[in-house]
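Engineer: predicted coordinates and the sequence they were generated for:
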Amino acid sequence: MTEFKELGLNDDILKGIKDLGYKEPFPIQEAVIPVLLAGRDVVGQAHTGSGKTAAFALAMLQKIKPRNGIQGLIMAPTRELAMQITEEIKKFGKYTKIRVVTVYGGQGMGIQLDALDRGVEIVVATPGRLIDHLKRGSIELRDITHIVLDEADTMLDMGFIEDISFILDLAPEDRVMSLYSATMPTEILRLSEEYLNNPKQFLLSADDLSGDGIDQSFLVIKDRDKFKYLIDFIKPIKRQCIVFCSTKYRTRDVAKFLHQEKFNAVAIEGDMSQHRREQTMGKFRSGKADILVATDVASRGIDVPTVELVINYDVPNQELLYFHRIGRTARAGAKGKAITFVSYSSVGDWNIIKRQIKVPLEDLNQKMGIQISIPDPLKRQMPSRRYGGQSRSNYSRGGRSGGYGRSHRDGDSRDDRGGGRKRYSDRGGKNSYGGRSRW
Ligand code: ADP
Ligand code: MG
């Protein structure tokens, strides 16, 4: 058994790890930490819930010097994930003198400017707000020595890439940079070569995305029957559950319905005020709420170890998102369950995802004896739409017909990026961050 100590971590950091009760490093940590400490770039692909945060955070904490300016930069796609990473780093770094701040849209600039004035060594940021700070000069990247892109495949994807490349251009070339995600399409990997210097790559095989410990099943039903089945599946749950919906409207509707049925549910979607988003996540993380109803804003990175069930109330719009969504359960080697509701119009989309699931998948129609009667035109399978063959916009934007989200999604833009350009622009009116988000 390898110990954290053998990875070359110093005593202050080891004390922080010990306080958290971590006994031994997880495989990705054992693999990545020595490489980062030696100063080499890394691509770290590892399953959801396998401890990627500590892999980059521990090495960064060790390499950064207190009171020496901003040396570490971590970027993540959503505000909630950025805040979570900051909290983790604070725990790991409890006995170091390293200070960390989260820079994200939706929070008043003042709080962030005050923290920056007091001095920080690590910035965890969503790209849009970071760019605002860079433009006004409240953050400078000239002393940066370590950069991390968490959920890197989405950070290098169309919605973010211009922001990321703007930011990286401002950072010194001589830096240690690393990328992490549970999914790493070859195309994104190729693109990453532009930013990395001879990285050591830790990759999963394409067959290995499904994740251990998640008991996966699906049920093909009429859309109007979903509520009823949702209740049936949620009732026996003893701990916590996340219900993913394809749009903000669906998210609100499902949450409203659950409230009517007296469930203790909270909702999160990108049009909510930042205050409500934080309130929701606070309630869910602390266990004050049992059910989180969410758009894909919560599909990546969020770590709530007590989640035992993920329900895909709607089939995800993009196939890799399926693996991220279900990965909100079975964290750190625990067990979990994932159930996907497939409406008749989403059967084609679901078949595309299903082909990528390489573990046994339970057919609940069979098990529960529920008949499907899909009108013929809808039964037709959609053509396969993989990210390799066509333009990059296909990878990033979904681009399927069927299912729910499409018409809404097309009008949406992200609020956790804020580059303010043509297609995804979210800077309407006075408040740059109050705009509509993609999720
Ligand atoms: P990932 O980013 O790979 O999805 P996280 O970094 O969010 O995973 O970690 C998942 C969970 O595992 C977190 O709750 C974290 O505290 C826990 N964890 C990480 N490393 C260890 C370890 N070495 N021992 C025990 N638990 C760990
Ligand atoms: Mg993570």
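Structural biologist: Great, that's in hand. Numbering: from 1, shown residues only. Ligands and ions are numbered 1, 2, ... in the order given.

Engineer: flag every buried residue along stretch 282-290.
Structural biologist: Buried residues in stretch 282-290, counted by 16 or more other CB atoms under 10 Å: Lys283, Phe284, Arg285, Ala289, Asp290. For the C-beta atoms, the positions are set from N, CA and C on the backbone; glycine is no exception.

Engineer: now that stretch: how far from the chain's centre is it?
Structural biologist: Chain-centre distance of stretch 282-290: 19 Å, with CA atoms, centre = their mean, to the nearest Å.

Engineer: over to stretch 179-196?
Structural biologist: Between the centre of stretch 179-196 and the centre of its host chain there is 16 Å, according to CA atoms, centre = their mean.

Engineer: show me what Ile214 is bridged to.
Structural biologist: Gly336 (DSSP bridges).

Engineer: the chain should start at 600 in everything you say after this.
Structural biologist: Will do, 600 is the new start, and the previous item becomes Ile813.

Engineer: check contacts around it.
Structural biologist: By CB atoms under 8 Å, 6 or more residues apart in numbering, the contact set of Ile813 is Ile925, Gly926, Thr928, Ala929, Lys934, Gly935, Lys936, Ala937, Val958.

Engineer: CSV for the residues you listed, including neighbour count, pLDDT and distance to Asn667?
Structural biologist: Shown next, in CSV, are the contacts of Ile813 (neighbours: other CB atoms under 10 Å; pLDDT from 0 to 100; distance: CB to CB, whole Å):
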residue, neighbour count, pLDDT, distance to Asn667
Ile925, 30, 97, 41
Gly926, 27, 97, 36
Thr928, 28, 97, 40
Ala929, 24, 96, 39
Lys934, 11, 96, 44
Gly935, 22, 97, 41
Lys936, 21, 98, 47
Ala937, 26, 98, 44
Val958, 14, 92, 47
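
Engineer: tell me the one of the residues you listed nearest Asp768?
Structural biologist: The nearest member of the contacts of Ile813 to Asp768, counting by CB to CB, is Gly926 at 31.9 Å.

Engineer: one step back: same for ligand 1: which of the buried residues of stretch 881-889 are within range?
Structural biologist: When CB under 6 Å from any ligand atom is applied, no member of the buried residues of stretch 881-889 is adjacent to ligand 1.

Engineer: and of these, the nearest to ligand 1?
Structural biologist: Taking CB to the nearest ligand atom as the measure, ligand 1 lies nearest Arg884 of the buried residues of stretch 881-889, at 11.1 Å.

Engineer: what is the three-state secondary structure of the residue nearest to the closest one when sequence neighbours are not counted?
Structural biologist: Using CB to CB, 6 or more residues apart in numbering and skipping residues adjacent in sequence, the residue nearest Arg884 is Val903, 5.8 Å away. At Val903 the chain is in coil, as set by DSSP: H, G, I helix; E, B strand; the rest coil.

Engineer: need the contact list for Val903.
Structural biologist: Gln839, Ile841, Phe883, Arg884, Leu891, Arg927, Arg930.

Engineer: the last one contacts Glu907, doesn't it?
Structural biologist: What it means is Arg930. No. With contact defined as CB atoms under 8 Å, Arg930 does not reach Glu907; the gap is 10.2 Å.

Engineer: list the residues that contact the closest residue to Ala751 other than its chain neighbours.
Structural biologist: Spatially, and ignoring its direct neighbours in sequence, Ala751 is nearest to Leu778 (3.5 Å; CB to CB, 6+ apart). The contact partners of Leu778, by CB under 8 Å, 6+ apart, come to Val641, Val642, Gly643, Val747, Leu748, Ala751, Met754, Leu755, Ser791, Leu795, Pro798.

Engineer: in CSV, list these along with distance to Pro915.
Structural biologist: Shown next, in CSV, are those (distance: CB to CB, whole Å):
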residue, distance to Pro915
Val641, 28
Val642, 24
Gly643, 23
Val747, 25
Leu748, 22
Ala751, 19
Met754, 19
Leu755, 19
Ser791, 23
Leu795, 28
Pro798, 29
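
Engineer: follow-up on the earlier one: so the residue nearest to Ala751: helix, strand or coil?
Structural biologist: Strictly by three-state DSSP, Leu778 counts as strand.

Engineer: distance of it from Leu613?
Structural biologist: Distance, Leu778 to Leu613, using CB to CB, to the nearest Å: 26 Å.

Engineer: in the stretch 900-1038 of the chain, what residue comes closest to ligand 1?
Structural biologist: At 3.2 Å from ligand 1, Ala931 is the closest residue in the stretch 900-1038 of the chain, using CB to the nearest ligand atom.

Engineer: contact partners for the nearest residue to that residue once chain neighbours are set aside?
Structural biologist: Nearest residue to Ala931 in three dimensions, chain neighbours excluded: Gly648, at 5.6 Å (CB to CB, 6+ apart). Applying CB under 8 Å, 6+ apart to Gly648 gives the contacts Gly810, Asp902, Gly926, Ala929, Arg930, Ala931, Gly932, Ala933.

Engineer: next, the contact list for the fourth one, please.
Structural biologist: When you say that, I think you mean Ala929. Thr647, Gly648, Gly810, Asp811, Gly812, Ile813, Gly935 are the contacts of Ala929 under CB under 8 Å, 6+ apart.

Engineer: go with 6 Å
Structural biologist: Applying CB atoms under 6 Å, 6 or more residues apart in numbering to Ala929 gives the contacts Gly812, Ile813, Gly935.

Engineer: ok, now the first one?
Structural biologist: Gly810 makes contact with His646, Thr647, Gly926 under the criterion CB under 6 Å, 6+ apart.
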